[in-house]
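Trainee: Model the structure of this input:
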Amino acid sequence: MKKIDFEDLIKYAKEFIEINAKNILKMSDTKYDTCIEYIYKNYKPAISNIDEINNEDFRDAVVRRMCVQLQNYQRMPLALDYISYSYNPQTDKGEILNSNDSKNEIFQYVINVIDNKTEIDQDSIYYKFKENYTEKEYKDGKYNLALKKYSKGIASFVKKIRNDKNYFSNIKTTCVKLDNFAKKGNFVEIEKILEEFCKNIYYLNITLSYDYFKELACKNLVKPNEHIKEILKKYIYYGNLPDDNKITEDFITKCNTSNIIPYYADKILWLCCTGSFYEDGITIQKMTKTNFFKFIDAKN
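Mentor: Numbering: from 1, shown residues only. A predicted model of the protein is given here:
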């Protein structure tokens, strides 16, 4: 297998999506000419222009993103999935509730706690969530453990906000700094900022902080996950994968030289491997890493 240029890799990824994801265009109320156009318009950071967003909307975006991000520590099963899963012990069957409704309720609860300055700790959050949703519990207790971890993370996040009256304005400044440092390839400063950001927030680490700011507002800040690293290992590095910082630096540099925003290169490649169009609530079964590799190999 020969190496391929990064630009060709992105071109193949776009072709793979256009062939396999046509159904997402049929689901949309708005007409789009291509699947890639649809992705660019519907799969993007929470904040498109940080200079134009008002303070309340910015605060809401910061909190909503954290409510989602804190699910993912060390491959912890998605806590929000648990509390959106209603279990009926009489029939031994579960019913998946609307995931977006579940996330909105959790977000609104956290916003109310922040606005009303309600006393809060991990137990009060945990039992509040338990009031509204029934968990299907397993013998090893993993469901409860995940939800308790999630509750502890949320409680520590709220506490950090309360301890800093300028928290949201500081986050806005941080977004601008991180995006600019990513453009310049200054990863030493990025790591320093992210280390400070995740301090005292339980179950948030530097890797998850990369993803947090990427999905919040920083289109230039990406850290390729395991799926994308396998793609890069096979076709860009030809089996010799460098360390994570070097991969991140190379990825952003290659995006800049290929005239593609890193956020969208990351998103397109990830979709090729997972087929998970999460904003639409569908997974396209044909879009897997194995099938994507076969598609690229057939091109070469």
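Trainee: OK, contacts around Asn166?
Mentor: Asn166 makes no contacts at all, as judged by CB atoms under 8 Å, 6 or more residues apart in numbering. No exception for glycine: its C-beta is placed from N, CA and C like everyone else's.
Trainee: How much space separates it from Ser276?
Mentor: Taking CB to CB, to the nearest Å as the measure, Asn166 falls 36 Å from Ser276.
Trainee: Tyr126 too?
Mentor: Applying CB to CB, one obtains 28 Å for the distance of Tyr126 from Ser276.
Trainee: Who has more neighbours out of those two?
Mentor: In this comparison of Tyr126 against Ser276, neighbours counted by other CB atoms under 10 Å, the higher total goes to Tyr126 at 19 against 14.
Trainee: Contact partners for that one?
Mentor: With contacts defined as CB under 8 Å, 6+ apart, Tyr126 is in contact with 147-148, 151.
Trainee: out of those residues, who has the most neighbours?
Mentor: Ser151 (24 neighbours).
Trainee: rewinding a little: which ones among the contacts of Tyr126 map onto helices?
Mentor: When helices are assigned by DSSP state H, the members of these inside them are 147-148, 151.
Trainee: Now render those as CSV, adding pLDDT.
Mentor: Converted to CSV, these look like this (pLDDT from 0 to 100):
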residue, pLDDT
Leu147, 76
Lys148, 80
Ser151, 87
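Trainee: just to revisit the earlier point, which one of the contacts of Tyr126 sits closest to Glu226?
Mentor: When these are compared for distance to Glu226 (CB to CB), Leu147 wins out at 24.9 Å.
Trainee: Helices of the stretch 151-300 of the chain, residue ranges please.
Mentor: In order along the chain, the stretch 151-300 of the chain carries the following helices (DSSP state H, counting those that start in this stretch): 167-184, 187-198, 206-216, 226-235, 244-257, 262-274, 289-299.
Trainee: show me the contacts for Asn259.
Mentor: Residues in contact with Asn259 (CB under 8 Å, 6+ apart): none are found.
Trainee: Next up, phi/psi of it, please.
Mentor: Comment: the main-chain dihedrals of Asn259 come out as phi 60, psi 40, following degrees, to the nearest 10.
Trainee: Name the spans of the protein whose pLDDT lies under the cut-off.
Mentor: Counting by pLDDT under 70, the chain contains low-confidence residues at 1-2, 74-103, 132-145.
Trainee: Domain-wise, how is it divided?
Mentor: Each domain of the chain is listed here as a residue range: 6-45+220-299, 49-218, per automatic domain parsing.
Trainee: what's the span of the shortest one, first residue to last?
Mentor: Between the opening and closing residues of domain 6-45+220-299 there is a gap of 14 Å (CA to CA, to the nearest Å).
Trainee: all numbers from here: first residue = 144
Mentor: Sure, I'll start counting at 144 from here, so that last one is domain 149-188+363-442.
Trainee: and that domain, how far from the chain's centre?
Mentor: Here the centre of domain 149-188+363-442 is set off from its chain's centre by 14 Å, with CA atoms, centre = their mean, to the nearest Å.
Trainee: and if you look at the last one?
Mentor: Domain 192-361 sits 11 Å away from the centroid of its parent chain (CA atoms, centre = their mean).
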